[in-house]
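J.: everything below, folded, please.
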Amino acid sequence: MNYNFTTSLLMFRTILTVFLCAATTFSFSQSVSGYWDKDRATTKEVKLGPGERISVKSEDFPVGTTELAFRITLLNENQQLANNLVSVLKVIPDPSGYSQGGAGALAILSSVSGTDNCTYAIFSDAKEAANYQKTAKTDKACLTQPKPLSKDAKVISLKNYKCLTANGQNLWFGFQSENKLLNEKIILEIVPWVDKKLSTGWSLENRKTILANVKSTANARLLKNSDNYSLCVLEKIKAKHSFQEYKNLMAAEKNNLIEKFGRLCLVETGDAKVIDNYYRTEAGELIKEEKYEEAIRMLNTNIVAASKTKVSDYNMLGYCYLFTRQYEKAIKQLLAAEQLDDSELTVKLNLAHAYLLSGNPAESREIHKKFRKQNIDAKISWAEQTKNDFEIFQKAGLPSDNFKKILKFIAD
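T.: Here you go, the predicted model:
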């Protein structure tokens, strides 16, 4: 007797454990990818006169709606639904399988219906729904049911029906009474399925739009393959904002956001060097064309502002400031370059020029005195480069009163 009781108790515990595990798994499966949004469900009672047509607008669908369960039930005057669609969907964890029709749709069909019948059509456009109400035309409908029915139910999917679009907010159900003598009562129920990931508004269509915007930016156009960079920027925007939040930003705010994340993504994708070298090369070409102010703007905007300034950048800026007669700025840039590399003689020579042109020949002579016997590089001497620079300065109209004195000092 005790043995049988113990065995029964063990079996009961085993069954209970299995049941609880299954229930936990089932509950979890409901929330993994999405949910039936009962708060945005549509429930409307429609009354049709004999042979009358009407169109009924759904409630607004939430962002991220990928499927819709709908149920149409015709009831006699005193009939009531046994249960509503929301309660039926509580036992359906997700729409997979149900949107294919067949036995799945039968699971949500009403258990009761009246003796009346109707036909219906579904439209994604208010004008087409209004036209149906006037003309009975269904050629622009995305789903039609020409056979009169007393009840019907379906789950329609974004993938299978053109009714639903990523940004669509409503559908219009058109009904036509088949009763030629009496009124009909129709209960329309619609429950949207919301994909959790898409509920942020980042549908495929919206992601493509932002990717196109990122790919059109200056940095992206400089890359041979901007896919990784553009995807990186998109992911950072998605992590920061829902699509609606991003959409509500002003144009300047969107540009700043893309620029901010763009700088981070250039580093993360390894494309920063490509972009930086492009701007340095372009600045060098502008200097050759004697477009010094443009070169300064390019370096300041794209290199200095991004805190990527190297010795060569400071040196280029200092050199450009000489030609715009901004000598103090030139000295500041060249001293910054000197702090990074005290052995770079091109920087030393440009600093000597800056002191000379700013009216401080004594400081200039000290630098020339120290390095005049050295070479700037393997091919050109300090004296030769000084002479070449002075010729360029004279052509540019810079003050040249002390040039001959400095050249003579170097030669002695």
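J.: so where's the stretch 201-350 of the chain uncertain?
T.: By pLDDT under 70, the stretch 201-350 of the chain contains no weakly predicted segment.
J.: could you pull out the helices for it?
T.: 204-215, 218-222, 227-240, 243-248, 251-268, 272-288, 292-299, 311-323, 327-340, 345-357 (DSSP state H, counting those that start in this stretch).
J.: what helices and strands are in contact with the last one?
T.: Which is helix 345-357. Here helix 345-357 touches helix 311-323, helix 327-340, helix 361-371, helix 382-395, going by 3 or more C-beta pairs under 8 Å, 6 or more residues apart in numbering; DSSP states H and E. From N, CA and C alone the C-beta is placed, and that goes for glycine too.
J.: what are the buried residues along the third one?
T.: Judged by neighbour count using 16 or more other C-beta atoms under 10 Å, the buried positions of helix 361-371 are Pro361, Glu363, Ser364, Arg365, Ile367, His368, Phe371.
J.: could you do stretch 142-157 as well?
T.: Result for stretch 142-157 [16+ other C-beta under 10 Å]: buried residues Cys142, Leu143, Gln145, Leu149, Ser150, Lys151, Asp152, Ala153, Lys154, Val155, Ile156, Ser157.
J.: how about those, which pair is most distant?
T.: Within the buried residues of stretch 142-157, Ser150 and Ser157 form the most distant pair, 25.1 Å apart (C-beta to C-beta).
J.: pLDDT of stretch 51-59, averaged?
T.: Mean pLDDT, computed over stretch 51-59, is 95.
J.: with just CA atoms, put it into CSV.
T.: Output in CSV follows, covering the C-alpha atoms of stretch 51-59 (Å, rounded to 0.1, in the frame of the first residue of the first chain):
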residue,chain,number,x,y,z
GLY,A,51,-28.2,44.9,-49.7
GLU,A,52,-26.1,47.8,-48.2
ARG,A,53,-22.3,48.2,-48.6
ILE,A,54,-20.1,49.9,-46.0
SER,A,55,-16.4,50.4,-45.3
VAL,A,56,-15.0,50.2,-41.8
LYS,A,57,-11.6,51.7,-40.8
SER,A,58,-9.5,49.7,-38.3
GLU,A,59,-7.9,51.3,-35.3
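J.: got a list of contacts for it?
T.: Contacts with stretch 51-59, where a contact means C-beta atoms under 8 Å, 6 or more residues apart in numbering, come from 40-42, 44, 46, 48, 123, 126, 129-130, 132-133, 136, 170-180, 188, 190.
J.: ChimeraX command to pick out the buried ones of those residues?
T.: Filtering the contacts of stretch 51-59 down to the buried ones (16+ other C-beta under 10 Å) takes a single ChimeraX command:
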select :40,41,42,46,48,123,129,132,133,170,171,172,173,174,175,176,177,178,179,188,190
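J.: name the residue closest to the centre of the protein, please.
T.: Centroid check for the chain by C-alpha atoms, centre = their mean gives Leu234 as the closest residue, at 3.9 Å.
J.: you'd agree that one is up against Asn213?
T.: No. Taking C-beta atoms under 8 Å as the definition, Leu234 is not a contact partner of Asn213, at 9.3 Å.
J.: can you list the domain ranges for this protein.
T.: Here the domain parsing of the chain from automatic domain parsing is 34-195, 201-268, 272-411.
J.: and for Asn300, the neighbour number?
T.: 14 (other C-beta atoms under 10 Å).
J.: ok, for it, nearest residue in space, not its chain neighbours?
T.: Computed as C-beta to C-beta, 6 or more residues apart in numbering, the closest residue to Asn300 that is not its neighbour in sequence is Leu317, at 7.5 Å.
J.: again, but for Asp152
T.: Ile72 (4.9 Å).
J.: surely that neighbour forms part of a strand?
T.: Yes. Counting by DSSP: H, G, I helix; E, B strand; the rest coil, Ile72 is part of a strand.
J.: surely Glu363 touches His353?
T.: No. Counting by C-beta under 8 Å, Glu363 stays clear of His353, with 11.0 Å between them.
J.: phi, psi for Gln374 please.
T.: phi -100, psi 170 (degrees, to the nearest 10).
J.: wait, what's in contact with it?
T.: Applying C-beta under 8 Å, 6+ apart to Gln374 gives the contacts Leu345, Ser381, Trp382.
J.: how near is it to Glu344?
T.: Look at Gln374 and Glu344: by C-beta to C-beta, to the nearest Å, they are 12 Å apart.
J.: where do the strands sit along the stretch 101-250 of the chain?
T.: Here the stretch 101-250 of the chain has its strands, by DSSP state E, counting those that start in this stretch, at 118-123, 143-149, 151-157, 172-177, 184-195.
J.: now the third one - C-alpha only, PDB.
T.: These are the backbone C-alpha positions of strand 151-157, laid out as PDB (Å, rounded to 0.1, in the frame of the first residue of the first chain):
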ATOM      1  CA  LYS A 151     -18.200  33.900 -40.400                       C
ATOM      2  CA  ASP A 152     -14.600  34.000 -41.400                       C
ATOM      3  CA  ALA A 153     -11.100  34.400 -39.800                       C
ATOM      4  CA  LYS A 154      -7.600  34.800 -41.200                       C
ATOM      5  CA  VAL A 155      -4.100  35.800 -40.100                       C
ATOM      6  CA  ILE A 156      -2.600  38.000 -42.800                       C
ATOM      7  CA  SER A 157       1.200  38.600 -43.000                       C
END
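J.: thank you, goodbye.
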